[in-house]
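Enquirer: show me the folded form of this:
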Amino acid sequence: MVSQEQRRRQLAREKFLRQQQRRTSARRKSRMRNSVIASVLGVIVIGSVALYTTGVLKNDDKANASSQTTPSASPSASPSASKAPDPCEKAAAGSVKKLSWKKEPAMSIDTSANYTMKLATTCGDIGIALKTAAAPHTVNSFDFLAAQGFFDHTKCHRLTTNGIYVLQCGDPTGTGSGGPGYTIPDENLKDKSLKGGVYPAGTVAMANTGQKHTGGSQFFLVYQDSQLPASYTPFGTIDAAGMKVLKKIAAAGENTGAGDGAPNATVVINKATVAKS
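Expert: As a prediction, this is how the structure comes out:
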C-alpha cells in the first residue's frame with residue numbers, strides 16, 4: 001500500500017514534470033516565433049543550441065535534476081519569498097566567456113584512465129570523481145569545456161528542495177537555456193548506482209531537454225536521494241568535502257519558497273578544472 005508520504009512525493013514529481021513540459025513547449029513556441037520574425041526582417045541569426053534539464057533535472061534539467069522535477073529551466077523568483085542569509089563568499093573577478101561550437105569535440109581523453117573534476121566555487125570546493133569508462137563522451141566534453149574556461153564565473157542557477165534535491169549548474173547564461181552549441185549522447189543509464197528509480201546523494205548527472213541525446217553543458221549535483229527516471233547520464237560522484245558544500249547551499253534554500261528556484265546562496269563557479277589522476 002502506498003503511504004501518504006510516498007503519494008505526496010509522487011504528486012510532487014508529477015507536478016514538476018508537467019511544469020518542465022510546459023516550459024519546454026513555451027521555449028519551442030518562442031523559438032518558432034523568433035524564427036518567423038527573423039525571416040521577415042531578412043536577418044539570419046546563428047544561435048547556440050538551448051540546453052536545459054528537467055532541471056535536473058530538468059534538467060537541467062538538473063540535473064536538471066534538471067527535476068517530476070527535472071533539471072532544465074529555472075523558474076522565476078517570488079518577490080514575497082523569505083530569503084535565508086547567503087553563506088557564500090564574493091565571486092572572483094572575471095566574466096563568463098561567450099563560447100559556442102557547432103559539434104561535439106573530438107575524443108582526446110584516455111578512456112582507460114581516471115579523471116577528476118574540481119569546481120572551485122564561492123561556497124567551497126566540490127571534488128568529483130568522473131566515470132570516464134562508463135561515460136566517455138560526457139567526460140571528454142567536460143574536459144574540453146573546462147580547458148576552454150567555459151564554466152568559469154558561471155552561476156549555479158537552480159536549486160530544487162521538493163520532490164528532488166539537486167543543484168543545477170553549467171549554464172553560461174544563468175537562465176537555464178544556455179549550452180555549448182552542441183549536444184552529446186546519453187550514456188551510462190544503466191549505472192549500478194541507479195537503483196529503484198533513485199539518483200543517490202553524491203551523484204553528478206547531465207541535465208537535458210527531456211528528449212534523448214540532448215545533453216550539453218548543464219549538469220546537476222544530487223545532495224539527497226532523489227527519485228528520477230534513468231534518463232540523465234550519471235557521470236561523476238561527489239567527494240565528502242563537496243557534499244558538505246552542497247548541503248550548506250541547500251540549507252540556505254531557494255528564492256521562491258516553493259521548492260524550485262534560484263539558490264539563495266550565491267553559487268558561482270570561479271574555476272572548473274578536469275585532471276587525469
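
Enquirer: can you give me the strands in the chain?
Expert: 115-121, 124-130, 154-155, 158-162, 164-169, 198-199, 203-206, 219-222, 226-227, 234-238, 260-261, 268-276 (DSSP state E).

Enquirer: residue 178 is nearest to which of those strands?
Expert: Of all these, strand 154-155 sits nearest to residue 178, with 8.7 Å by CB to CB. The way it works is simple: take the backbone N, C-alpha and C, and place the C-beta from them, glycine included.

Enquirer: neighbouring strands for that closest one, and are they parallel or not?
Expert: Here strand 154-155 is paired, per DSSP bridges, with strand 268-276 (antiparallel).

Enquirer: any idea of the angle the partner strand forms with strand 124-130?
Expert: 30 degrees (axes from the mean of the first three to the mean of the last three CA atoms, to 10 degrees).

Enquirer: looking at strand pairing, list the partners for the nearest residue to residue 273 once chain neighbours are set aside.
Expert: Leaving aside its sequence neighbours, residue 273 sits nearest to residue 118 (CB to CB, 6 or more residues apart in numbering; 5.1 Å). Beta bridges link residue 118 to residue 127, residue 273, judged by DSSP bridges.

Enquirer: number of residues surrounding residue 118?
Expert: 17 (other CB atoms under 10 Å).

Enquirer: spit out the contact partners of it.
Expert: Residues near residue 118 by CB atoms under 8 Å, 6 or more residues apart in numbering: 125-128, 271-275.

Enquirer: can you put the strands of the chain in JSON lines and add distance to residue 142 and mean pLDDT?
Expert: Shown next, in JSON lines, are the strands of the chain (distance: least, CB to CB, whole Å; pLDDT from 0 to 100):
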{"stretch": "strand 115-121", "distance to residue 142": "6", "mean pLDDT": "98"}
{"stretch": "strand 124-130", "distance to residue 142": "7", "mean pLDDT": "98"}
{"stretch": "strand 154-155", "distance to residue 142": "13", "mean pLDDT": "98"}
{"stretch": "strand 158-162", "distance to residue 142": "19", "mean pLDDT": "97"}
{"stretch": "strand 164-169", "distance to residue 142": "12", "mean pLDDT": "98"}
{"stretch": "strand 198-199", "distance to residue 142": "18", "mean pLDDT": "98"}
{"stretch": "strand 203-206", "distance to residue 142": "10", "mean pLDDT": "98"}
{"stretch": "strand 219-222", "distance to residue 142": "8", "mean pLDDT": "98"}
{"stretch": "strand 226-227", "distance to residue 142": "21", "mean pLDDT": "97"}
{"stretch": "strand 234-238", "distance to residue 142": "8", "mean pLDDT": "98"}
{"stretch": "strand 260-261", "distance to residue 142": "25", "mean pLDDT": "96"}
{"stretch": "strand 268-276", "distance to residue 142": "6", "mean pLDDT": "98"}
